[in-house]
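Participant: Sequence and predicted structure below; questions after.
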Amino acid sequence: MRAWLAGFVAMGALASGAMASGAQAATGLSPQAVEIGKGTRPDQVEFRALYKELVETDTSITTGSCTALADKVEVHLRAAGYGDAQITRFAVPEHPKEGGLVVVLPGSSKALKPILLLGHLDVVVAKREDWTRDPYTLIEEGGYFYGRGTSDMKAMDATWIDLMTRWKKAGYTPKRTVKLALTCGEETSWAFNGANWLAQNRRDLIDAEFALNEGGGGRTDGKGNVIQQSLHVGEKFAVNYQIVATNPGGHSSIPIRDNAIYEIADALLKVRDYEFPLMLSDTTRAYFGKLGASRSDAIGAAMRTIASAPIGSADSKAAEATLNTDRSFHSMLRTTCVATLIDGGHANNALPQHAGANINCRVFPGVSVEAVQAKLTEIIADPRLAITIEKLRGPVAKAPPLTPQILAPVERLVAQYFPGVPLVPTMSTGATDGIFLEAVGIPSYGPPGGFGDPDGNGVHGLNERRSVASLYIGRDFLVDLVKDYANH
Ligand SMILES: [Zn+2]
């Protein structure tokens, strides 16, 4: 989950800000959730065994195999009653260990479209010698499960697989067809990305009204109290632009003003001074509206205004100026571009023949990379410079809509499991595989449910962990949510 840490940045602003007293008092879990979090029900014992099998199967790009784990999952699915007609395995010959699986539970309705559950099986590489415990052994200690993938994202994978097998075994038929796609390659940019492959090659197989994926979730105060839940709706898109200046050069003892390094320097200052215009989506309006309602300070007032005032109005401009003082909010309100790398020249005593810079842009959903390139060209306004787009990792996606159909069940369940805890829709500045689905017209959402700690739970780092309570409560929450979505 590349969105995870970025999500924490945005959420940190809430935790550190001045909150209204009502929100401060509203922390923690419902009595029902506390009971679920103990993990002692018979179905939870079975679920724990599946989670253990997933965590203990190494699926890192260097020493592991997603295909091997997909084999194990297929055994469970077949034991539950799925056959060849419902199970599709996929891989490409160049990446035999990066295969995946799609399984379909047919629904009863001909009118309602399917929903898709998405999970990546792969994990970030973990080195035994750097970890306190073996990363590929599930260890329960002090209220936490430790192991690579315990948070990112084998808890959700196990929830999806368990749900699909349990419903099949019970003969449960929801109204909507429920599909599960387990893929590889999310964590490694050069790997075979199964979600992208399915979107490009088997759009029919994964066709759905919408998808549920990682990226959302709750946050604790670091002491076990859940203080926020988030629904992940859309993400910014990273693009790199290269600016290159070339020059005949010459001896530095007889300089002239015409100089490749000065050209790049001038261009970069123009990039620094340009502010992309304010943009809002359904998600960011809801984000600022919700967050603003829980704060009684000037930032809170500005949030409420930005969520409701027409863009371009004096009120909107004043609110924007206030919010721009916070770097996270500033970034959520627009496309941003910043210089991140620079190179140039070849000798201390020579006029540079070449200079270049990399501009890293985080593009607001719905804006094209060409439009940003055109804007950079316009503001730099120097025909001597070449401004090019680096090869894109994936498609540019449109922001998924934040509809009552998506939001209402989430709100109801958050109120039930986490009474008084605010639910905040978030647009992250990171990336998940959801972007590949959105590019082919399948809106993707990261539901809340499970929750992590403010330190990020070692995701992508050392000693990754997930709280026992989060695993079981998150699972029950997601099962209830899928059941609701699948029957309406
Ligand atoms: Zn992940």
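Facilitator: Right, received. Where do you want to start?

Participant: Show me the helices in the stretch 151-300 of the chain, by range?
Facilitator: 154-170, 194-201, 260-273, 282-293, 298-308 (DSSP state H, counting those that start in this stretch).

Participant: remind me which residues of the chain are low pLDDT?
Facilitator: 1-27, 393-395, 397, 429-430 (pLDDT under 70).

Participant: re the thing from before, can I get the helices of the stretch 151-300 of the chain in JSON lines including distance to the ion and mean neighbour count?
Facilitator: Using the backbone N, CA and C atoms, a C-beta is placed for each residue, glycine as well. Output for these, formatted as JSON lines (distance: least, C-beta to the ion, whole Å; neighbours: other C-beta atoms under 10 Å):
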{"stretch": "helix 154-170", "distance to the ion": "9", "mean neighbour count": "22"}
{"stretch": "helix 194-201", "distance to the ion": "11", "mean neighbour count": "22"}
{"stretch": "helix 260-273", "distance to the ion": "32", "mean neighbour count": "17"}
{"stretch": "helix 282-293", "distance to the ion": "20", "mean neighbour count": "21"}
{"stretch": "helix 298-308", "distance to the ion": "29", "mean neighbour count": "20"}
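
Participant: now these in TSV, with distance to residue 319?
Facilitator: Shown next, in TSV, are the helices of the stretch 151-300 of the chain (distance: least, C-beta to C-beta, whole Å):
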stretch	distance to residue 319
helix 154-170	36
helix 194-201	37
helix 260-273	22
helix 282-293	9
helix 298-308	4
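
Participant: and of those helices, who's closest to residue 53?
Facilitator: Between residue 53 and the helices of the stretch 151-300 of the chain, the shortest gap by C-beta to C-beta is with helix 154-170, which sits at 8.4 Å.

Participant: just so I know, which of the helices of the stretch 151-300 of the chain lies nearest residue 129?
Facilitator: Nearest to residue 129, of all these, is helix 154-170, at 22.2 Å by C-beta to C-beta.

Participant: about what we covered before: out of the helices of the stretch 151-300 of the chain, which is closest to residue 338?
Facilitator: Each of the helices of the stretch 151-300 of the chain was scored for nearness to residue 338 using C-beta to C-beta, and the closest is helix 260-273 (7.6 Å).

Participant: The residue of the stretch 201-350 of the chain found nearest the ion - how many residues pack around it?
Facilitator: Nearest residue of the stretch 201-350 of the chain to the ion: residue 214, at 4.9 Å (C-beta to the ion). Neighbour count of residue 214, defined by other C-beta atoms under 10 Å: 27.

Participant: name the element whatever residue of the stretch 351-488 of the chain ends up closest to the ion belongs to?
Facilitator: Per C-beta to the ion, residue 432 is where the stretch 351-488 of the chain lies closest to the ion, at 6.8 Å. Per DSSP states H and E: residue 432 is located in neither a helix nor a strand.

Participant: biggest helix in this structure, by residue count?
Facilitator: Assignment by DSSP state H gives helix 468-486 as the longest helix of the chain.

Participant: how far off helix 154-170 does that helix point, in degrees?
Facilitator: 50 degrees (axes from the mean of the first three to the mean of the last three C-alpha atoms, to 10 degrees).

Participant: Secondary structure of residue 343: a helix, I assume?
Facilitator: No: counting by DSSP: H, G, I helix; E, B strand; the rest coil, residue 343 falls outside a helix, being strand.

Participant: In space, what's closest to it - neighbours in sequence excluded?
Facilitator: Distances taken as C-beta to C-beta, 6 or more residues apart in numbering put residue 356 closest to residue 343, at 5.4 Å, once the chain neighbours are dropped.

Participant: Quick check: the one you found touching residue 246?
Facilitator: No: Residue 356 sits out of contact with residue 246 when judged by C-beta atoms under 8 Å, with a separation of 9.3 Å.

Participant: quick one, which of those two is more surrounded?
Facilitator: residue 356 (18 against 15).

Participant: For that one, which three-state class applies?
Facilitator: strand.

Participant: Could you give the bridge partners of it?
Facilitator: Beta bridges link residue 356 to residue 244, residue 343 when assigned by DSSP bridges.

Participant: Return the distance of it relative to residue 239.
Facilitator: Separation of residue 356 from residue 239 (C-beta to C-beta, to the nearest Å): 16 Å.

Participant: likewise residue 82?
Facilitator: Using C-beta to C-beta, we find residue 82 at a distance of 40 Å from residue 239.

Participant: More neighbours: which of these two?
Facilitator: Taking other C-beta under 10 Å, residue 82 and residue 239 do not tie; residue 239 has more neighbours (22 against 18).

Participant: Surely the more buried one touches residue 358?
Facilitator: No: contact criterion C-beta under 8 Å: residue 239 and residue 358 do not qualify, at 10.8 Å.

Participant: Next, show the common contact partners of those two.
Facilitator: residue 390 (C-beta atoms under 8 Å, 6 or more residues apart in numbering).

Participant: related to what we said a few turns ago, nearest to residue 318, of the helices of the stretch 151-300 of the chain?
Facilitator: Per C-beta to C-beta, nearest to residue 318 of these: helix 298-308, 7.4 Å.

Participant: Let me know the next secondary structure element after the closest one.
Facilitator: helix 314-323.

Participant: what residues are up against residue 90?
Facilitator: Taking C-beta under 8 Å, 6+ apart as the test, what residue 90 contacts is 99, 100, 101, 102, 194, 197, 198, 202.

Participant: contacting residues around the second one?
Facilitator: Okay, so that is residue 100. 66, 70, 89, 90, 91, 121, 181, 182, 183, 184, 194, 198.

Participant: can you pull out the helices in the stretch 1-150 of the chain?
Facilitator: 4-16, 21-25, 31-36, 42-56, 66-80.

Participant: buried set for the third one?
Facilitator: Across helix 31-36, burial judged by 16 or more other C-beta atoms under 10 Å covers 33, 36.

Participant: just how off-centre is that helix within its chain?
Facilitator: Computed by C-alpha atoms, centre = their mean, to the nearest Å, the chain-centroid distance of helix 31-36 equals 28 Å.

Participant: any residues touching that helix, and which ones?
Facilitator: By C-beta under 8 Å, 6+ apart, helix 31-36 touches 416, 417, 418, 469, 472, 473, 476.

Participant: And for stretch 251-263?
Facilitator: For stretch 251-263, using C-beta under 8 Å, 6+ apart, the contacting residues are 245-247, 249-250, 344-345, 348-355, 382, 384-385.

Participant: Just the buried ones from those residues?
Facilitator: Among those, those buried by neighbour count (16+ other C-beta under 10 Å) are 245, 247, 249, 344, 345, 351, 352, 353, 354, 355, 385.
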